[in-house]
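J.: Provided below are the primary sequence and the corresponding predicted coordinates.
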Amino acid sequence: MTQEYPHAEAVAASLKWQSSSVGDQAGKPRIDEIYACDVFDMRKMRERLPKHVYKSMINTIEKRKRISMEDAEVIATAMKDWAIERGATHYTHWFQPMTGLTAEKHDALVTPDGEGSVVYRLSGKSLVQGEPDASSFPSGGLRATFEARGYTAWDPTSPAFIVRGTNYATLCIPTAFVSWNGEALDKKTPLLRSIDALDKQARRILKIFGTDEGVRSVESTLGSEQEYFLVDRNLYYARPDLMSCGRTLFGNTPPKHQQLDDHYFGSIPPRVNAFMASFEEELFRLGVPVQTRHNEVAPGQYEIAPLFESTNIACDHQAILMDTLKRVAGRYGFVALLHEKPFAGMNGSGKHNNWSMSTDTGVNLLDPQDETHTNTQFMTFLCAVIRAVHLHGDLIRAAISGASNDHRLGANEAPPAIISIFLGDMLTDLIEQIEKGDTKRTLKGGELTLGARTLPSLKRDSGDRNRTSPFAFTGNKFELRAVGSTASVAWPNTIINAIVSESLDYIATQIEGKLGKNPTEAKRDQVVQGVLKEIVKDHKAIIFNGDNYSQEWEDEAEKRGLPNLRSTADALPALQKSEAKKMFRKYKILSASELESRVEIFAEKYITEVCIEAQQMVHIARTMILPAAVRHQGNLANTINASEQAGASCDGLRGTHECFLDLVQQFQDQISEVEEKVHVPEVATLKQCTHCREVLLSAMNSLRDSADALERLVERDLWPMPTYQELLSLR
């Protein structure tokens, strides 16, 4: 910590939420007031802002009203003062381009005054709008290389924050990123549009049930768990594949890895625990609320889970979390690996995307409550989700696609590529009752008596959980378990918001059309039950409560007509369907050109990542593994010659040598084959994605098999890279 912060003692104290003071007491601020939270939360800025400006800002946050430039000027001054009090010298418009990462351009808060001195300044215009170069970010054809202009636009609903490092502190202002034409070049803009669409359609449902009084908005909410690996930094830098690709392109699982299930929820190693404590303290300072940490299944694998927040802020916080994770890991001699499958043959990493809907008054619209069969409003929102996932499961699959996540999906550690919904016993029973036309009961879980007098009775849930389901109801939310660990969660949640908005619109329109004017409560319930009955009848095929890993389910899903999109190349065409274009356009989430740009961006990223891996494989194979194999081959030959000259029989060793020669020759041939099949196209197409999947990856897998066979034979002192055994043994 001393190396990271210019004021180590003060920050250390603040991170422990202590409240001692610095130096003398003459007007000096307390440590906890300065550093305990480096977040400019507008709700807590009442004392810094004029009353009317503060009220305007709260209206912007809670009622989604645009803020005036006059008010922005006042807020910018307050934000600037707050930042420089905390040592900030620069500010940046922090945005999320289509790279899947975050981006920032730092500008000084210091401005020359023309009289040989400087002043600190942040204008309202600089707060509201920035202009980074848009030509070098992925645009999918929305921008040509010579068309450089792009704009960042302040998102006042997401708090600004300060990032600290050695001798610097930077004010980060969350923003959207668009082209000169106003087209979205980022992941935040479509997300915010989808939130607006969901708000509008959800409030129509509330109005039908008469529960909209006092509700100003409905938002989706999100809690996104993050899995990751830790490896020792020195070993990481000895693995070119980890450095350039994020995963090991070669390597054998050690004799003992995760087979005994002894790492999962096991005792956290002290060095890792120390890292986790610092990591969480840093997140708390940045306003990211996290709650849970534990060992995951594979050795060296861990997980952190946040609290629920509005989806927009949760997506920003997820991006902050990933950046902070990598930054803090370095202080403890670790490198954090976020790749979905860094180690073959072992558990991969993902994000569990826990999604729900809530009113601004605090009502979770996916909370079934105790007597669920009487909660028709909940059943309406539930049926909307069921319909949405059944009609648009291919879009959800496309939202989680990518070269790295393809390695993980369906590998008995993550949901398969078939999108289905798990409801559990209680909700499935209610769905069946709706289909029959009447809901009369809610299944109860009861209590568990454990047999020992000292142990308490446990309240049992009405149904079990299903870790194999890609889209599972887990009490008061849906958990999309298939999101990749490297991914931004903004895009999957944009898709979920969009398809649920479309279903809510459909249901509201059906009910409103049949209700007429001034309906009675009895008529309303009758109409709602009729609409829900038809939805269940038409869309119940998406519900599956069994083992999603089984071949039986794959066969059954095919009979039900559910798509099995096994790879990114199979999934991306869903975004080009006319139904998808119509839906995104109708709810003003993405124009046809914006949607098509994303297909091109995702295809290009997939092809480029696979080609980089292939080129890195060839380089490692030729310059590291092959020389080691040749040296081992020479050592074998020298041993045979020396033994035979001494009169010993070496028939067995000669056989081993000949087999090894054949393997080395096969290895060389496969290097050449991968080399021949690598081609990075100037313009990415889905056809080229298919080539990468079916031709190039097949050749790469064969090369890996031969290299891993060599690793099992070459003497350890000659092998040029740290093995899995070393990488997965944290010290």
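T.: Yes, it's here.
J.: longest helix in the protein, please.
T.: Across the chain, the helix with the greatest residue count (assigned by DSSP state H) is helix 592-620.
J.: what packs against it?
T.: With contacts defined as 3 or more Cβ pairs under 8 Å, 6 or more residues apart in numbering; DSSP states H and E, the packing partners of helix 592-620 are helix 240-245, helix 403-406, helix 568-571, helix 578-586, helix 651-677, helix 686-691, helix 697-711. To be clear about C-beta, it is placed using only N, CA and C from the backbone, and glycine gets the same treatment.
J.: can you lay out these as TSV showing distance to residue 385 and mean neighbour count?
T.: Shown next, in TSV, are the helices and strands packed on helix 592-620 (distance: least, Cβ to Cβ, whole Å; neighbours: other Cβ atoms under 10 Å):
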stretch	distance to residue 385	mean neighbour count
helix 240-245	36	18
helix 403-406	23	26
helix 568-571	20	24
helix 578-586	15	16
helix 651-677	43	15
helix 686-691	29	18
helix 697-711	34	19
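J.: returning to that earlier point: which positions within the longest helix of the chain qualify as buried?
T.: The neighbour-count check on helix 592-620 (16 or more other Cβ atoms under 10 Å) flags 594-607, 609-611, 613-618, 620 as buried.
J.: what mean pLDDT does the helix or strand that comes right after that helix have?
T.: Later in the chain than helix 592-620, the nearest helix or strand by DSSP states H and E is helix 626-645. When pLDDT is averaged over helix 626-645, the result is 94.
J.: so where's the stretch 1-150 of the chain shaky on pLDDT?
T.: 1-36 (pLDDT under 70).
J.: quickly note the distance from residue 310 to residue 584.
T.: Going from residue 310 to residue 584 by Cβ to Cβ, to the nearest Å gives 22 Å.
J.: helix, strand, or coil at residue 293?
T.: Assigned by DSSP: H, G, I helix; E, B strand; the rest coil, the conformation of residue 293 is strand.
J.: which residues are contacting the helix or strand containing residue 60?
T.: Secondary structure from DSSP H and E places residue 60 in helix 51-63. For helix 51-63, contacts defined as Cβ atoms under 8 Å, 6 or more residues apart in numbering pick out 42-43, 45-46, 49, 65-68, 71, 74-75, 156-157, 216-217, 360.
J.: list the buried residues for the very next helix or strand once past it?
T.: Sequence-wise, the next helix or strand downstream of helix 51-63 (DSSP H and E) is helix 69-85. Residues of helix 69-85 classed as buried: 71-80, 82-84 (neighbour count, 16+ other Cβ under 10 Å).
J.: and the next element down the chain from helix 69-85?
T.: Taking DSSP H and E, what comes next after helix 69-85 is strand 90-94.
J.: can you show me the strands along the stretch 401-550 of the chain?
T.: Using DSSP state E, counting those that start in this stretch, the strands found in the stretch 401-550 of the chain span residues 421-422, 447-448, 458-459, 471-473, 478-484.
J.: and residue 370, what pLDDT?
T.: pLDDT, residue 370: 80.
J.: distance of it from residue 552?
T.: 35 Å.
J.: and the helices and strands packed on helix 592-620: which comes nearest residue 302?
T.: helix 240-245 (17.1 Å; Cβ to Cβ).
J.: for that closest one, packing partners?
T.: Short answer (3+ Cβ pairs under 8 Å, 6+ apart): helix 240-245 packs on helix 592-620.
J.: got the angle between the helix it packs on and helix 578-586?
T.: 120 degrees (axes from the mean of the first three to the mean of the last three Cα atoms, to 10 degrees).
J.: ok and helix 592-620 relative to helix 626-645, angle-wise?
T.: Interaxial angle, helix 592-620 versus helix 626-645 (the same axes, to 10 degrees): 20 degrees.
J.: isn't residue 108 right up against residue 92?
T.: No: contact criterion Cβ atoms under 8 Å: residue 108 and residue 92 do not qualify, at 10.6 Å.
J.: those two: which has the busier surroundings?
T.: Neighbour tally, residue 108 and residue 92, criterion other Cβ atoms under 10 Å: the higher count belongs to residue 92, 21 against 12.
J.: contacts only, for the closest residue to residue 288 other than its chain neighbours.
T.: Distance criterion Cβ to Cβ, 6 or more residues apart in numbering; nearest residue to residue 288, sequence neighbours excluded, is residue 317 at 4.5 Å. Listed by Cβ under 8 Å, 6+ apart, the contact partners of residue 317 are 287, 288, 289, 306, 309.
J.: given the longest strand along the chain, what are its sheet partners and their directions?
T.: Ordering each strand of the chain by length in residues (DSSP state E) puts strand 218-232 first. When sheet partners are counted by DSSP bridges, strand 218-232 sits next to strand 301-306 (antiparallel), strand 309-310 (antiparallel), strand 334-337 (antiparallel), strand 350-359 (antiparallel).
J.: between the helices and strands packed on helix 592-620, which gets nearest to residue 511?
T.: Among the helices and strands packed on helix 592-620, helix 578-586 comes nearest to residue 511, with 19.1 Å by Cβ to Cβ.
J.: burial measure for residue 103, as a count.
T.: The burial count assigned to residue 103 is 17, neighbours taken as other Cβ under 10 Å.
J.: which SS class is residue 170?
T.: Following three-state DSSP, we place residue 170 in the strand state.
J.: shouldn't it be in contact with residue 92?
T.: Yes: proximity of residue 170 to residue 92 meets the contact threshold set by Cβ under 8 Å, at 5.8 Å.
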